[in-house]
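>>> all I have is the shape, not the residue letters:
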């Protein structure tokens, strides 16, 4: 568990398993367990340890509670990434969404077309998941 002000909250696992209460989102971390997450604009470098830690924690909880954690996490490519990072995404249950127009990866001057393309991909995935 963890503290929120003076209140001590149960662990995420306990809150996910407790069917008598509605799962309350108490921090941004909780969103990684109950809502679809779309990561766009971040390089997800290895020094972003907080995000890697929560992805790792989520994957472990998913192994223990496969019916409780059914949300999806998407990572939208903004720059060329290596196969090692793609393998980590797969291990952690993150869907890698490649940039379709590869020429946009080389344009560091104008990010707008890159983000516009990824936003279109995001909308497609959101529409597919509406009724899940």
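Yes, it's here. Predicted, not measured: the structure shown is a model, and the values here were computed from it.
>>> list of residues touching stretch 16-28?
4, 9-10, 15, 30-31, 33-34, 61, 65, 68-69 (Cβ atoms under 8 Å, 6 or more residues apart in numbering). Just so you know, the C-beta spots here come from the backbone N, C-alpha and C atoms, and that holds for glycine as well.
>>> okay, those in a markdown table with neighbour count next?
Shown next, in a markdown table, are those (neighbours: other Cβ atoms under 10 Å):
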| residue | neighbour count |
| --- | --- |
| 4 | 10 |
| 9 | 16 |
| 10 | 14 |
| 15 | 20 |
| 30 | 16 |
| 31 | 14 |
| 33 | 23 |
| 34 | 17 |
| 61 | 18 |
| 65 | 15 |
| 68 | 17 |
| 69 | 19 |
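>>> tell me which two of those residues sit farthest apart.
4 and 65 (21.8 Å; Cβ to Cβ).
>>> distance of residue 118 relative to residue 40?
Going from residue 118 to residue 40 by Cβ to Cβ, to the nearest Å gives 5 Å.
>>> which residues do these two both contact?
Joint contacts of residue 118 and residue 40 (Cβ under 8 Å, 6+ apart) are 76, 78.
>>> could you check which of the two has the larger neighbour count?
Each of residue 118 and residue 40 has its neighbours counted (other Cβ atoms under 10 Å); residue 118 has more, 22 against 16.
>>> show me what whatever helix or strand the more buried one lives in packs onto, helices and strands only.
When elements are assigned from DSSP states H and E, residue 118 belongs to helix 112-129. In terms of contacts (3 or more Cβ pairs under 8 Å, 6 or more residues apart in numbering; DSSP states H and E), helix 112-129 is packed against strand 37-40, strand 73-76, strand 94-97.
>>> pairing partners for the first one, with directions?
Taking DSSP bridges as the criterion, strand 37-40 sits next to strand 73-76 (parallel) in its sheet.
>>> how far off centre is the strand it pairs with?
How far strand 73-76 lies from its chain's middle: 6 Å, per Cα atoms, centre = their mean, to the nearest Å.
>>> adding distance to residue 123 and mean pLDDT, write the helices and strands packed on helix 112-129 out as JSON lines.
Formatted as JSON lines, those follow (distance: least, Cβ to Cβ, whole Å; pLDDT from 0 to 100):
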{"stretch": "strand 37-40", "distance to residue 123": "10", "mean pLDDT": "93"}
{"stretch": "strand 73-76", "distance to residue 123": "12", "mean pLDDT": "95"}
{"stretch": "strand 94-97", "distance to residue 123": "12", "mean pLDDT": "96"}
